[in-house]
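[1] When you get a sec, could you give me coordinates for this:
(chains A and B)
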Protein chains: 2
Amino acid sequence: MKLYDAEFAPSPRRVRIFMAEKGLTEVEKIAMNLREGDNLSDTFRQKNALQKVPVLELDDGTCISEAAAIYRYLEELVPEPPLLGRDALEKARIEMWDRRLEFAFLYPAFQSFQHSSGIFSDRMTPVAEWGMEARNVAQQFFSILEQQLATSTYVAGEQFSAADITAVVTLDFAKVIKLRADEQYPNILRWHELIKQRPSYGA
Amino acid sequence: MKLYDAEFAPSPRRVRIFMAEKGLTEVEKIAMNLREGDNLSDTFRQKNALQKVPVLELDDGTCISEAAAIYRYLEELVPEPPLLGRDALEKARIEMWDRRLEFAFLYPAFQSFQHSSGIFSDRMTPVAEWGMEARNVAQQFFSILEQQLATSTYVAGEQFSAADITAVVTLDFAKVIKLRADEQYPNILRWHELIKQRPSYGA
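    As a prediction, this is how the structure comes out:
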């Protein structure tokens, strides 16, 4: 099993943290340079038609892309500790928060970065005005997250879960578009410190 | 159990089809008028802080939002027929295709509709140029889907799954931005006819 990885991209970091939480520290990681277009080669397109990292390649050559799909596979392979929930309601709650975070926080933050910076203008069409507006969309999520963390130790309840991984990776990534949780959001700051203490944080 | 629903919105339709496939036809559906802002009330914000449909409300008042989270709950409640996969690899493959469809097809199609039409300009800031570009992004997914369906009966393999639901709902929705699969995409058309024959299609 090996992971096609990229150090500074948020989605591969989600998988690295997930693996660290599962104790899967020995998995081979292949560093891809996205700016140089390592992911645009024909060889890599065979692994992921969407030409994105992360990709988990199994020993028989089967490739799984999309961070959440890699989570799902690894949760089945190594059930403990559960990061996607134990019972129906916990599974649903974690999925709910993970999707909220992806659609209302990670995705707009990422869009803002790409459309504002023009970083990948060789492979997409940046719309600067959307880059600015997507930042506003991402920023609106802070109050939702603050409200949740006011009554909940972790994002999806009293247990650390995949939703915390998505949240912390997005929060850290959002610095590139100059979005930071400040003292307006004491519960986000409290939770961020808690997550930073986990050994997986450095993955 | 009841579902907060909206007839023409894609995400609630995903849940209605999922429920129909599971034989959950008796669940009460509460029709929300999104244009009138039924989802912006304080009462509804208590059910979903993001003020979006669908929301599944359980008998004890617990609310689950995000189509994929409702899928997860219902799959646990009614395991047969499995729509999220049987084994680790099938679960991962369905999740992979579902996310690809959401991020590279449904989300940009939806963004294009909202940003081009200005339909919800009382609650968001439309960026017309992004509306046009998001349509291009969605259109690029046709060739990915065509390639997959050239060798696969259904989107994520030889079994009907949640990924087919996301795909057909997006394909039907994409008409509002004048995106249609035409004869360039014979395998999408073949698959679309197959899905239309299922009783759940009308849900």
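[2] What is the subsequent helix or strand relative to the biggest helix by length in chain A?
    For chain A, the longest helix by residue count, based on DSSP state H, is helix A:128-149. Next along the chain after helix A:128-149, taking DSSP states H and E as the criterion, comes helix A:162-173.
[3] got a list of what A:Thr166 touches?
    If you count contacts by Cβ atoms under 8 Å, 6 or more residues apart in numbering or on different chains, A:Thr166 has them with A:14, A:97-98, A:101-102, A:105-106. C-betas here are computed from N, CA, C, even on glycine.
[4] Mind telling me the two of the residues you listed farthest from one another?
    Spanning the widest gap among the contacts of A:Thr166 are A:Arg14 and A:Trp97, at 13.6 Å by Cβ to Cβ.
[5] quick one on the thing from earlier: A:Gln140: which of the contacts of A:Thr166 is nearest?
    For these, the closest approach to A:Gln140 (Cβ to Cβ) belongs to A:Phe105, at 9.0 Å.
[6] Next, count neighbours for that closest one.
    By other Cβ atoms under 10 Å in any protein chain shown, 25 other residues sit near A:Phe105.
[7] Which pLDDT value goes with it?
    Among the per-residue scores, A:Phe105 shows a pLDDT of 96.
[8] Over to A:Leu34?
    Per the predicted model, pLDDT is 87 at A:Leu34.
[9] looking at it, it is touching A:Ala6, isn't it?
    Yes - using Cβ atoms under 8 Å, A:Leu34 is in contact with A:Ala6, at 5.2 Å.
[10] How about the residues of chain A by chain B?
    A:49-50, A:62, A:64-66, A:68-73, A:76-77, A:87-89, A:91-93, A:95-96, A:99-100, A:103-104, A:107, A:115, A:125, A:127, A:129-130, A:133, A:136, A:144, A:147-148 (Cβ under 8 Å from any Cβ of the partner chain).
[11] So which of those residues belong to strands?
    In this view, the residues of chain A next to chain B that belong to strands under DSSP state E are A:64-65.
[12] The residues of chain A next to chain B in helices, which ones?
    With DSSP H as the criterion, helices contain A:68-73, A:76-77, A:88-89, A:91-93, A:95-96, A:99-100, A:107, A:115, A:129-130, A:133, A:136, A:144, A:147-148 from among the residues of chain A next to chain B.
[13] ChimeraX command to pick out the buried ones of those?
    Buried subset of these, written as a ChimeraX selection, criterion 16 or more other Cβ atoms under 10 Å in any protein chain shown:
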select /A:68,69,70,71,72,73,76,89,91,92,93,95,96,99,100,107,115,130,133,144,148
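[14] residue farthest from the centroid of chain A?
    Centroid-distance maximum for chain A: A:Asp60 at 26.1 Å, with Cα atoms, centre = their mean.
[15] And the pLDDT at that one?
    97.
[16] got it, and A:Gln197?
    So A:Gln197 comes in at 98 (pLDDT).
[17] For it, list the residues it contacts.
    Contact analysis of A:Gln197 by Cβ under 8 Å, 6+ apart lists nothing.
[18] What ranges in chain A fall below the confidence cut-off?
    Applying pLDDT under 70 to chain A flags no residue at all.
[19] if I pick the residue nearest to A:Met19 when sequence neighbours are not counted, what's in contact with it?
    Leaving aside its chain neighbours, A:Met19 sits nearest to A:Val27 (6.0 Å; criterion: Cβ to Cβ, 6 or more residues apart in numbering or on different chains). Shown in contact with A:Val27 (Cβ under 8 Å, 6+ apart): A:1-3, A:19.
[20] 10 Å instead, please
    Contact partners of A:Val27, counting by Cβ atoms under 10 Å, 6 or more residues apart in numbering or on different chains, are A:1-3, A:5, A:15-16, A:19, A:56, A:74.
[21] which of those count as buried?
    Judged by 16+ other Cβ under 10 Å, buried ones among those: A:1, A:3, A:5, A:15-16, A:19, A:56, A:74.
[22] May I see the domains of chain A written out as residue ranges?
    Per automatic domain parsing, the structural domains of chain A span A:2-77, A:88-202.
[23] now those domains as TSV including distance to B:Arg45?
    What follows is the domains of chain A, written out as TSV (distance: least, Cβ to Cβ, whole Å):
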stretch	distance to B:Arg45
domain A:2-77	27
domain A:88-202	10
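[24] Nearest to B:Gly23, out of those domains?
    Closest among the domains of chain A, using Cβ to Cβ: domain A:88-202, at 17.3 Å.
[25] measure that closest one end to end?
    31 Å (Cα to Cα, to the nearest Å).
[26] try stretch A:147-157
    Its start and end residues considered, stretch A:147-157 measures 13 Å (Cα to Cα).
[27] which residues sit against that stretch?
    Contacts of stretch A:147-157 (Cβ under 10 Å, 6+ apart): A:84-85, A:89-98, A:100-101, A:145, A:158-168, A:185-192, A:194-195, B:49.
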